[in-house]
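>>> give me a model of this one.
(chains A and B)
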Protein chains: 2
Amino acid sequence: MRQTVLFTKTRKNAPKDEVSVNAQLLIRAGFIDKVSAGVYTYLPLGLSVLRNIQQIVREEMDALGAQEILMPALTPKELWTQTGRWDAIDVLFKIHGRDDKEYALGWSHEEVATPLVQKFVKSYKDLPVAVYQIQDKFRDEPRAKSGLLRGREFSMKDMYSFHANEEDVESFYARAQEAYLRVYTRCGLDALVAEASGGVFSKYSHEFQVPTPNGEDEIYFCASCGRHQNKEIVQKDETSCPHCGAPREVKKTIEVGNIFKLKTRFTDAFDFVYTDRDGGEKPVVMGCYGIGPSRVMGAIAEAHHDDAGLIWPESVAPFRVHLVSLAKDEDAARADEIYRALAEKTDVLYDDRPDASAGEKFADSDLIGIPKRMIVSAKTLKQGSVEIKDRLTGDVQMVKIEEL
Amino acid sequence: MRQTVLFTKTRKNAPKDEVSVNAQLLIRAGFIDKVSAGVYTYLPLGLSVLRNIQQIVREEMDALGAQEILMPALTPKELWTQTGRWDAIDVLFKIHGRDDKEYALGWSHEEVATPLVQKFVKSYKDLPVAVYQIQDKFRDEPRAKSGLLRGREFSMKDMYSFHANEEDVESFYARAQEAYLRVYTRCGLDALVAEASGGVFSKYSHEFQVPTPNGEDEIYFCASCGRHQNKEIVQKDETSCPHCGAPREVKKTIEVGNIFKLKTRFTDAFDFVYTDRDGGEKPVVMGCYGIGPSRVMGAIAEAHHDDAGLIWPESVAPFRVHLVSLAKDEDAARADEIYRALAEKTDVLYDDRPDASAGEKFADSDLIGIPKRMIVSAKTLKQGSVEIKDRLTGDVQMVKIEEL
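Residues are numbered from 1 along each chain as shown, chains lettered A, B, ... in the order given. Below is the predicted model of the structure:
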């Protein structure tokens, strides 16, 4: 895509009330625009990154055998009263509609997924089932000051799995945990698994946490046995690991995912049972698994930037190549040719702005953070080459145009 | 995908309160599930169709040079008071959030798109710009009884174009109209353009209408000059065409899109001006363009079905091929082989259910409506063939397995 066509531009400053690094960089670089606290528009560059992350999540969920669906955000009150959560969730956005019909905006979708799957599952032969969706969620967060890390509207992949017994949940849960770790690795994030509160039914849930200096969360990191814990479940005097006794270190982190064993918390609420092999009725057992693609995008921005701007991992970058032309006059036509040839092979952002200086172009390219930059100038063209620079390492090499 | 894996099943009956043909068929065939009036979950088959339609829309908008973004559904009250629409739109879902913060759920996005584009457009050189999104919209419809044709939450592609002058809007508007007609043609719909109310600023807007016996709309159809009109703008005595004088016919239709020239209705509200070539400030002129992929899906179901079920156009069908196996015992393994080979080349739904009768399988296949059906049975395997049946015409041919 030509930058002279791209309607967004980089900005000198982010809005003054944006204090998080991710929001400041993403707004200045033209990836997102702030509409309200915790509510953003994804601009073309940002939508591309968000889609790349969503696609990685989708591939890993599909590989687990989960089936993609799309549930509504508008969910009737009756479903929430049936599970007792209408009054229990303080971040639930509630709507009073026509004819006194009340709705909640989906904050999580156990209330929709459970009765849905119940319609199709009657027998042990129909189990297990895992469904997931990638959809916008809504939460009336009290503090929405962390950019994409804590949105009032945000992209979420939520998966719900349904099983005949505990052992089957355990086995799927373990596979889901591996799939989650693959998602983070593919997105360029080093995520740790940390034990967190399991709620009423389980001892622990598991969170995926990325260590970064600006993290909102804190984990007790055990280098010895690797069973880290969210600070929230650590007793005051538990500086040593309760699993192995080793001393622990506190790390600031960003939570990028959370998985829970729900046992029969929701299937009981909907009387969701199945007929087992022996003809008896048994309750269906559930797990749920959440990962927020927009939050992952924010976490990548927090983990991968320098003073000059963003540095995207190749897997999620908005384009594969940033072609920056410093060519003037008749050379400009040759730069255009290189762009057209390259664009047939790969996704290219092409800085073809005739009036921007080299300094402006490099500063914008640093800010936008596409990892591979190609520079075309009178000098490189004389050598029949382009200069390829790695945004991360700063390594530079000259490559012949015909070898691109 | 194997039907033994697909978690949904066909159903004998749709919910009793679903009166529309599209909802009845789509629910019975396992494409959607009803959550509340006008609110549906898209199941794997339905999500596939919805995505196919969205992708066709995306390709045609991209070809117009429009840039895809994603705006939030949660939009702050301030934006709506600035245009005077907070109290004027009766289908607006309103939310009272934390700290007395009020929001509307996006019903249309002029209030977000206009100040967004304003941030980047300063000069005539920055114009024209067209942005679009494919996103869920929310409307508190008084009568949500038409399935996907009138949802309280529904998929929408909305595009907003910004121009230096009226002539430029006119030119883009004409190209957008052609792009819309290409979308419908690619989706298997014969859409007509009809003049409709233009609101305060224009004489006419234009609607895209698909004639069907169960349509909620009515148009005055002029076979002579082709300028049809929505009944809403026709005076009682205007049975003849106001453009050419010919007699007109009334047709029942489904509206599947609507485009408007907005002039400066919204840019005035946000003081959105640009600096023209002569240095003077001028107001930016807008157009807007809406097409609902979920409504298009409903319209296709209304237009393309028979007594046995749905008949999808190939371009939007959930799978390219429905492979139905009637093979038993050792033949079943050969059917599996055919599936695996075929699945490497194309999207296949494979009815591998061991316990369903041929009658059940054909009835389900008729209901689901994938246009190309391949039948594998002991008889076809003896000939080294599969039987290929066209769901629409009923035409049958035998094809050698090695030629598939």
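
>>> A:V131: what secondary structure?
Classification of A:V131 by DSSP: H, G, I helix; E, B strand; the rest coil places it in strand.

>>> how many residues are close by it?
A:V131: 24 surrounding residues under other C-beta atoms under 10 Å in any protein chain shown. The way it works is simple: take the backbone N, C-alpha and C, and place the C-beta from them, glycine included.

>>> which ones are touching it?
By C-beta atoms under 8 Å, 6 or more residues apart in numbering or on different chains, the contact set of A:V131 is A:A66, A:Q67, A:E68, A:I69, A:A113, A:L116, A:V117, A:M159, A:Y160, B:F7.

>>> let's go with 6 Å and repeat that
By C-beta atoms under 6 Å, 6 or more residues apart in numbering or on different chains, the residues touching A:V131 are A:Q67, A:I69, A:Y160.

>>> pLDDT wise, what is it at?
We have a pLDDT of 98 for A:V131.

>>> which strands or helices does the biggest strand by length in chain A pack on?
Counting by DSSP state E, the longest strand found in chain A is strand A:249-263. Contact analysis of strand A:249-263 by 3 or more C-beta pairs under 6 Å, 6 or more residues apart in numbering or on different chains; DSSP states H and E lists helix A:166-186, strand A:204-211, strand A:217-221, strand A:285-291, helix A:293-303 as its packing neighbours.

>>> mind checking which of those is nearest B:F138?
When those are compared by C-beta to C-beta, helix A:293-303 sits nearest B:F138, at 19.5 Å.

>>> tilt between that closest one and strand A:249-263?
170 degrees (axes from the mean of the first three to the mean of the last three C-alpha atoms, to 10 degrees).

>>> any idea what the nearest residue to A:G292 once chain neighbours are set aside is bridged to?
Ranked by C-beta to C-beta, 6 or more residues apart in numbering or on different chains and with sequence neighbours excluded, the top spatial neighbour of A:G292 is A:M156, at 5.1 Å. A:M156 has these beta-bridge partners by DSSP bridges: A:Q135.

>>> local confidence estimate at A:M156?
Taking A:M156 on its own, its pLDDT is 98.

>>> follow-up on the earlier one: buried among the contacts of A:V131? Make that a PyMOL selection.
This is the PyMOL syntax for the buried subset of the contacts of A:V131, where burial follows 16 or more other C-beta atoms under 10 Å in any protein chain shown:
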select buried, chain A and resi 67+69+160
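
>>> just the closest of the contacts of A:V131 to A:D90, please.
Nearest to A:D90 among these, with distances taken as C-beta to C-beta, is A:Y160, at 22.5 Å.

>>> ok, the closest one touching A:P115?
No - using C-beta atoms under 6 Å, A:Y160 is not in contact with A:P115, being 11.3 Å away.

>>> ends of stretch A:16-32, how far apart?
15 Å (C-alpha to C-alpha, to the nearest Å).

>>> ok, stretch A:15-31 next?
End-to-end distance for stretch A:15-31, by C-alpha to C-alpha: 14 Å.

>>> same deal with stretch A:348-360?
End-to-end for stretch A:348-360, by C-alpha to C-alpha: 19 Å.

>>> ok, stretch A:392-404 next?
First residue to last in stretch A:392-404 (C-alpha to C-alpha) measures 20 Å.

>>> next, A:D237: phi, psi?
Main-chain torsions, A:D237, degrees, to the nearest 10: phi -100, psi 10.

>>> how near is it to chain B?
Distance, A:D237 to chain B, by C-beta to the nearest C-beta, to the nearest Å: 36 Å.

>>> before we move on, what about A:A66?
Applying C-beta to the nearest C-beta, the value for A:A66 to chain B is 10 Å.

>>> nearest residue to that residue other than its sequence neighbours?
Among residues not flanking A:A66 along the chain, A:A130 sits closest, at 3.9 Å (C-beta to C-beta, 6+ apart).

>>> enumerate every residue touching that neighbour.
Neighbouring residues of A:A130 by C-beta under 6 Å, 6+ apart: A:A66, A:M159, A:S161.

>>> re earlier: pick the most buried one from the helices and strands packed on strand A:249-263.
Mean neighbours per residue, mean count of other C-beta atoms under 10 Å in any protein chain shown, is largest over those for helix A:293-303, with a mean of 27.

>>> who touches it?
If you take C-beta under 6 Å, 6+ apart as the criterion, helix A:293-303 is touched by A:21-22, A:25-26, A:49-50, A:53-54, A:57, A:147-149, A:154-155, A:187, A:210, A:212, A:214, A:254, A:256, A:310.

>>> so what touches the next helix or strand after it?
Next helix or strand after helix A:293-303 toward the C-terminus (DSSP states H and E): strand A:305-306. For strand A:305-306, contacts defined as C-beta under 6 Å, 6+ apart pick out A:L25, A:I311.

>>> rewinding a little: including pLDDT and distance to B:D355, could the contacts of A:A130 go into a markdown table?
Formatted as a markdown table, the contacts of A:A130 follow (pLDDT from 0 to 100; distance: C-beta to C-beta, whole Å):
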| residue | pLDDT | distance to B:D355 |
| --- | --- | --- |
| A:A66 | 98 | 25 |
| A:M159 | 98 | 29 |
| A:S161 | 98 | 25 |
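
>>> top of those residues by neighbour count?
Comparing the contacts of A:A130 by number of neighbours (other C-beta under 10 Å), A:S161 comes first, having 29 neighbours.

>>> ok so, going back, tell me the buried residues within the contacts of helix A:293-303.
Buried by 16+ other C-beta under 10 Å: A:21-22, A:25-26, A:49-50, A:53-54, A:57, A:147-149, A:154-155, A:187, A:210, A:212, A:254, A:256, A:310, out of these.

>>> select from the residues you listed every entry located in helices.
Those of the buried ones among the contacts of helix A:293-303 mapping onto helices are A:V21, A:N22, A:L25, A:L26, A:V49, A:L50, A:I53, A:Q54, A:V57, per DSSP state H.

>>> the third one touches A:I311, doesn't it?
No - using C-beta under 6 Å, A:L25 and A:I311 do not qualify as a contacting pair, with a distance of 10.1 Å.

>>> please list the residues of chain A that sit near chain B.
Within chain A, the residues that sit near chain B (C-beta under 6 Å from any C-beta of the partner chain) are A:7-9, A:33, A:35-36, A:39, A:41-44, A:47, A:67, A:69-72, A:74, A:76, A:93, A:95, A:97-98, A:116, A:120, A:129, A:140, A:153.

>>> run a quick neighbour tally on A:H163.
Neighbours of A:H163 under the rule other C-beta under 10 Å: 23.

>>> separation between A:D99 and B:A356?
Between A:D99 and B:A356 the computed distance is 42 Å (C-beta to C-beta, to the nearest Å).

>>> care to break chain A down by domain?
Domain assignment for chain A, taken from automatic domain parsing, gives A:21-306, A:321-403.

>>> show me what the residue nearest to A:A66 is bridged to.
Here A:A130 sits in beta bridges with A:S161, going by DSSP bridges.

>>> tally of neighbours for A:E249?
Neighbours of A:E249 under the rule other C-beta under 10 Å: 11.

>>> sheet-wise, list the partners of the longest strand of chain A with their directions.
Sheet pairing for strand A:249-263, using DSSP bridges, gives strand A:204-211 (antiparallel), strand A:217-221 (antiparallel), strand A:285-291 (antiparallel).

>>> what's in contact with the helix or strand just after it?
Using DSSP H and E, the helix or strand that follows strand A:249-263 towards the C-terminus is helix A:265-269. Outside of helix A:265-269, the residues within contact range by C-beta under 6 Å, 6+ apart are A:Q82, A:T83, A:E110, A:T114, A:F201, A:P283, A:V284, A:M286.

>>> among the residues you listed, name the buried ones.
A:Q82, A:T83, A:E110, A:T114, A:V284, A:M286.
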